[in-house]
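> here are the coordinates; sequence isn't available:
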C-alpha cells in the first residue's frame with residue numbers, strides 16, 4: 001500500500017516541479033508560445049489533482065495507527081497544489097493584461113478609451129440602479145394598495161356578518177310575532193263562535 005503511495009508521490013513531485021518551471025517562464029515567452037504554455041500548464045494541473053486524489057484514496061486504505069504521517073504529507077501536498085494554482089492564476093492575469101494591451105494598442109488613446117468605457121459602464125449602472133429603485137417603489141406602493149384593499153374587504157365582511165345576524169334576529173322575532181298573532185286569532189274565533197251559539 002505505502003509503495004503505491006510513494007510512487008504517486010514521486011510522480012507528483014516531478015509534475016509539480018515542471019509546472020513551477022513553466023509558470024515562471026510564461027511572462028517571458030512570446031504571445032503565441034504563452035498561449036500554448038498556458039494550455040499545457042492547465043492540463044498538467046489537472047493531472048496533479050488526479051494524482052492527489054489517488055494519493056488520498058491510498059491514505060484512506062492505510063491502517064489508522066500508521067495513517068498520521070501520510071495525512072500530514074497529504075496536507076503539505078495540498079497546500080503546495082493551492083500555491084501552484086494561485087501562482088498560475090497570477091500568471092494568467094498578467095498574460096490577459098498583455099493580450100488586452102496588444103489588442104487595444106499602446107498609443108496614447110488606449111487610456112482615454114478605457115476611461116470612456118468606465119464612464120459608460122458607470123452611467124449604465126446608475127441607470128439600472130434608478131430603474132431598480134423605481135421598480136421597488138412601485139412594488140411598495142402596490143403592496144400598500146393591496147393591504148388597504150384587504151383591510152376594506154375585512155371591514156365589509158364584518159358588516160355583512162353583522163347584517164346577517166340582524167336578519168336572523170328579525171326572522172326569529174317575526175316568527176314569534178306570527179305565532180302570537182295566530183294564537184290571538186284562534187282565541188278570537190273561538191270566543192266569537194261561542195257568542196254565536198248562545199245568541200241562537
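On my side now, so go ahead. These numbers come from a predicted model, not from an experiment. Numbers count the residues shown, from 1 in each chain.
> can you pull out the helices in the protein?
Read by DSSP state H, the chain holds these helices, from start to end of the chain: 2-25, 31-61, 64-104, 109-199.
> Residues in contact with the first one: which ones?
For helix 2-25, the surrounding residues in contact (Cβ atoms under 8 Å, 6 or more residues apart in numbering) are 37, 40-41, 44-45, 47-48, 51-52, 54-55, 58-59, 62, 70, 73, 77, 80-81, 84, 87-88, 91. C-beta here means a position set from N, CA and C on the backbone, and glycine is covered the same way.
> Might you report the residue contacts of the closest residue to residue 85 other than its chain neighbours?
Counting by Cβ to Cβ, 6 or more residues apart in numbering, the nearest residue to residue 85 once its immediate chain neighbours are dropped is residue 45, at 6.6 Å. Contact analysis of residue 45 by Cβ under 8 Å, 6+ apart lists 19, 84-85, 88.
> Now list the buried members of those residues.
Restricting these to buried positions leaves 19, 84, 88, with burial counted as 16 or more other Cβ atoms under 10 Å.
> Chain neighbours aside, what residue packs nearest to residue 47?
Per Cβ to Cβ, 6+ apart, closest to residue 47 is residue 15, 6.1 Å.
> circling back: possible to save the buried ones among the contacts of residue 45 as a markdown table with pLDDT?
A markdown table is the format used below for those (pLDDT from 0 to 100):
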| residue | pLDDT |
| --- | --- |
| 19 | 93 |
| 84 | 91 |
| 88 | 90 |
